[in-house]
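Participant: coords please:
(2 chains)
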Amino acid sequence: MSEITFIQAGRQVTLPVSPGTSLLDATRKHGILLESPCNGNGTCGKCKVKIVQQSETGQPAEGSPLLTEEERQQGIVLACVTPVDRNMTVEILSRQDSRNVQIIQHGMSLEIDLQPAILKRYDTARDTTEVWTVGHLLGLETGDTGQENYGLVVDIGTTTLVAALFDLHSGREVGSVARLNPQSHHAQDVLSRIKLASTADGLAVLHSKFITVLNAMIAELAQETGIQSKRIYEIIFSGNTCMLHLALAVDPSSLGKYPYTPAINGGSVHQASEYGIRGAEFAQIYLPPVMSAYVGADITSGILAAELKERRGLTLFVDVGTNGEMVLAADGKLLATSTAAGPAFEGMNIEHGMRAAPGAIEKFSIQDNGLVEIKTIGDQSAIGICGSGLLDIVGELVKHGFIQGSGKFRESVAKPELNERLIKKDGKTVFQVADAVWLSQKDIRQVQLAKGAIRAGIEALLAQNGVLPEQVNRVYIAGSFGYHLNPASLIHIGMLPAAFADKIEFLGNTSKTGGQALLLNQPVRQTMSQLVQQVEVLELATMTNFDKLFVACLNF
Amino acid sequence: MIQNQEELIKQLSDAVVDMDEDKAVELANQIVEQGIDAYLAIDQGLSDGMSRAGQLFEEEEYFIPELLMCSDAMYAGLEVLRPHLKIQHEGEREIVVIGVIEGDTHDIGKNLVKIMLETSGYEVIDLGRDIPPQDFVQVAKEKNAHIIALSTLMTTTMDGMAEVIRILNREQVRNSFKVMIGGGPISQAFADKIGADAYASNAAEAVRIARKLLGGAA
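Facilitator: As a prediction, this is how the structure comes out:
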């Protein structure tokens, strides 16, 4: 056994660790929080720790390319690929974005007829309240509880969880809370989560972390609103296909391998008590139907929230995220797909990338007079770049000629006064965004790959329908991330065709809004189940010539 | 005359780097007309151009579209020169068996590596995507391949790479082939863990690594 002393935020703990265990596994075993979005693959570079005792012999594993020379000299290593081979003192470098997360909770509001699945009837003779759902009695409650009828919508985002409590009598939202999805500490992206959950232990961990945080959110809502959690009778789980699997502790491994088949398809009702979820003892969970492994219930909710089925003409719906899902509606006929955009838009794989947290650059523009305007979250000094800031920076640099069509940096003719911001770091050209923050050529390549994937998906949907971008009547951008985006930047970087200018609308979190519609109107569930059957899903990975289309979408 | 030959081959290399397909064809035709050895022109002209393009890619000067346009120019020149190759140069090429591992259908990265290897003079046998581990071993044995190259984009399928190596070990042919791996979730640490011979982080690096694995100059 080796003794490892972990120092985190001034606190210190010493633990016995068996040799050969990676530092990351050691932290996990002992409940020390260390971000590891790639689940210990050695590819994301976010689990940096500092080995404080340098005097001892024994050299950390060969430096990863994700570490700078300077970091290496300071003894910084990636915890996931560094095995314990001696007594060590390890400092956990706290990431500035781990404190809190900015989450947008508005969504498009929607006119919904109030017809919830839960009905209550007070029996005066027995002084008992019957709780009914469609066609059958769920349970009995003592006394008259008829006025207390609540339901919960849980938007299970890969990164963020939002729980909103609704009064089923009035349809009114009475409270809403958001938390980071705790699973993201173990595995950031969907595929890493599928992999981790393909073992029984991994699935149990991811499932129980989710349930624990969900229950904490329900408790918080109860405290905030004064509504007892036992008066929650129905819970809607809106999320991508993988998140639904994990929420119900269903092995998601079949999602991760061709032909990418879901083990559960939603459109189903489950008992909340079976999963240890706080609520009425007979509360039920409704899972909206999914379309495929990568077009999930969150998109079903989105289709409902954006009323895609009812829109005349051509409507394009895009949920911008790690997986860019999109739906093209042509006079009620729906075609959907998803693209592997990668995590660049969430600030991952970007040298100074970070989540939307205090100090993150969220807006960036170059003014006519040549001045640079930067807005950071919390108006603090800039420490990194979050997704919306990244798109703004690249968009503005393309617009003002600092980035050429091929993605390569060059000196601008239009704004020569800013050319001094093109400086060299480690022999490579970067653009100085703020004192301690810059954009590298490699970062631009990551943006090209991400936006190219989404653009290629859009082009594939349009081509499949035989229409041109000019013919599209409206473009809806969904996802809580969407609200932060500047539509001009989306066009400048070419994520969206120029013909979409003036047609772009941000809908916010449609996974939640659609979930709300499903909670408040029971009959619409049947409609959506039927609709989902009719949605055609385009599988891009197996489409002929998709690689050519993707490459054609890489330039700005 | 010698000056002219060197000059033409140099220009051919430049045409590839400059992504100039027409120029590559024109120069290749001149080379044929002047009776310059086609093998020399391919090796020191076209392949040299691709190797410079790969270098520019690794330096982040070029990106995927440029690299592909370079390869278009290379292939166009090759089409002109190949019929004039003398027989003894055929069959000398080293063989790479490449494919996307079972469970994964994302093959853009694999296709890039294939192009880079082909344009650098390797004979590439492309098995395609969603390929069972056993198939890599079987084809590599049948074709007397030198390298097995495995690709995947998906974290969920990367363990299939380890299976290829297990099969090679089990069939006691591990030393007959070099195994190189790459793709989004792959890292040097993963290559070390499963006992692959090398990890390549991009298509241009894959060529350098293939050369190194087969004992040539990197």
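Participant: ok, the residue in chain B positioned nearest to chain A - how many residues close by?
Facilitator: The minimum distance from chain B to chain A, using C-beta to the nearest C-beta, falls at B:Thr156 (2.7 Å). In this view, the C-beta of every residue, glycine as well, is placed from N, C-alpha and C. B:Thr156 has 27 neighbours, counted by other C-beta atoms under 10 Å in any protein chain shown.
Participant: buried sites along the top helix by length along chain B?
Facilitator: Determined from DSSP state H, the single longest helix within chain B is helix B:64-81. For helix B:64-81, a neighbour-count test (16 or more other C-beta atoms under 10 Å in any protein chain shown) marks B:64-78, B:80-81 as buried.
Participant: swap in stretch A:431-442?
Facilitator: Residues A:Phe431, A:Gln432, A:Val433, A:Ala434, A:Val437, A:Trp438, A:Leu439, A:Ser440, A:Gln441 are the ones in stretch A:431-442 that count as buried (16+ other C-beta under 10 Å).
Participant: for it, measure first residue to last.
Facilitator: Distance between the boundary residues of stretch A:431-442 (C-alpha to C-alpha, to the nearest Å) amounts to 11 Å.
Participant: tell me how far that stretch lies from the chain's centre.
Facilitator: How far stretch A:431-442 lies from its chain's middle: 25 Å, per C-alpha atoms, centre = their mean, to the nearest Å.
Participant: can you check stretch B:68-84 too?
Facilitator: That offset, for stretch B:68-84, works out to 14 Å (C-alpha atoms, centre = their mean).
Participant: ok, residues contacting it?
Facilitator: Under the criterion C-beta atoms under 8 Å, 6 or more residues apart in numbering or on different chains, residues A:551, B:12, B:15-21, B:23-25, B:27-29, B:31-32, B:38, B:41-42, B:45-47, B:49-50, B:53, B:62, B:112, B:115-116, B:119 lie in contact with stretch B:68-84.
Participant: residues from the stretch 151-300 of chain A in reach of chain B?
Facilitator: Proximity of the stretch 151-300 of chain A to chain B (C-beta under 8 Å from any C-beta of the partner chain) is limited to residues A:Asp189, A:Leu191, A:Ser192, A:Ile194, A:Lys195, A:Ser198, A:Ser253, A:Leu255, A:Gly256, A:Lys257, A:Tyr258.
Participant: these into TSV, with extra columns for secondary structure, pLDDT and neighbour count?
Facilitator: Shown next, in TSV, are these (DSSP: H, G, I helix; E, B strand; the rest coil; pLDDT from 0 to 100; neighbours: other C-beta atoms under 10 Å in any protein chain shown):
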residue	secondary structure	pLDDT	neighbour count
A:Asp189	coil	87	26
A:Leu191	helix	93	25
A:Ser192	helix	92	26
A:Ile194	helix	97	28
A:Lys195	helix	95	24
A:Ser198	coil	95	18
A:Ser253	helix	97	17
A:Leu255	helix	97	25
A:Gly256	helix	96	23
A:Lys257	coil	96	20
A:Tyr258	coil	95	20
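Participant: closest one of the residues you listed to A:Ile350?
Facilitator: A:Asp189 (14.6 Å; C-beta to C-beta).
Participant: the closest one reaches A:Ala341, doesn't it?
Facilitator: No: the criterion here is C-beta atoms under 8 Å, and A:Asp189 misses it with A:Ala341 at 10.5 Å.
Participant: shared neighbours, the two?
Facilitator: Contact criterion C-beta under 8 Å, 6+ apart; residues shared by A:Asp189 and A:Ala341: A:Thr322.
Participant: related to what we said a few turns ago, can you pull the contacts of the nearest residue to the residue of chain B closest to chain A once chain neighbours are set aside?
Facilitator: Spatial nearest neighbour of B:Thr156, excluding adjacent residues (C-beta to C-beta, 6 or more residues apart in numbering or on different chains): A:Gly256 at 2.7 Å. By C-beta under 8 Å, 6+ apart, the residues touching A:Gly256 are A:Leu191, A:Ile194, A:Lys195, A:Ser198, B:Gly103, B:Met154, B:Thr155, B:Thr156, B:Thr157.
Participant: mind running it again at 7 Å?
Facilitator: Contact analysis of A:Gly256 by C-beta atoms under 7 Å, 6 or more residues apart in numbering or on different chains lists A:Leu191, A:Ile194, A:Lys195, B:Met154, B:Thr156, B:Thr157.
Participant: for whatever residue of the stretch 301-450 of chain A ends up closest to chain B, what are phi and psi?
Facilitator: As assessed by C-beta to the nearest C-beta, chain B sits closest to A:Gln441 within the stretch 301-450 of chain A, at 4.3 Å. The phi and psi torsions at A:Gln441 (degrees, to the nearest 10) take the values phi -60, psi -40.
Participant: which parts of the stretch 401-550 of chain A are helices?
Facilitator: Taking DSSP state H, counting those that start in this stretch as the criterion, the stretch 401-550 of chain A contains helices spanning A:441-464, A:487-492, A:510-520, A:523-534, A:546-552.
Participant: and among those, the most buried is which?
Facilitator: Greatest average neighbour count among those goes to helix A:510-520 (a mean of 28), per mean count of other C-beta atoms under 10 Å in any protein chain shown.
Participant: would you mind writing the CA trace of that one as CSV?
Facilitator: C-alpha atoms of helix A:510-520 as CSV (Å, rounded to 0.1, in the frame of the first residue of the first chain):
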residue,chain,number,x,y,z
THR,A,510,-38.0,22.8,-25.2
SER,A,511,-37.3,19.6,-23.5
LYS,A,512,-38.8,21.1,-20.4
THR,A,513,-41.6,23.0,-22.2
GLY,A,514,-42.6,19.9,-24.2
GLY,A,515,-42.4,17.8,-21.0
GLN,A,516,-44.8,20.3,-19.4
ALA,A,517,-47.3,19.8,-22.2
LEU,A,518,-47.1,16.1,-21.7
LEU,A,519,-47.7,16.4,-18.0
LEU,A,520,-50.6,18.8,-18.3
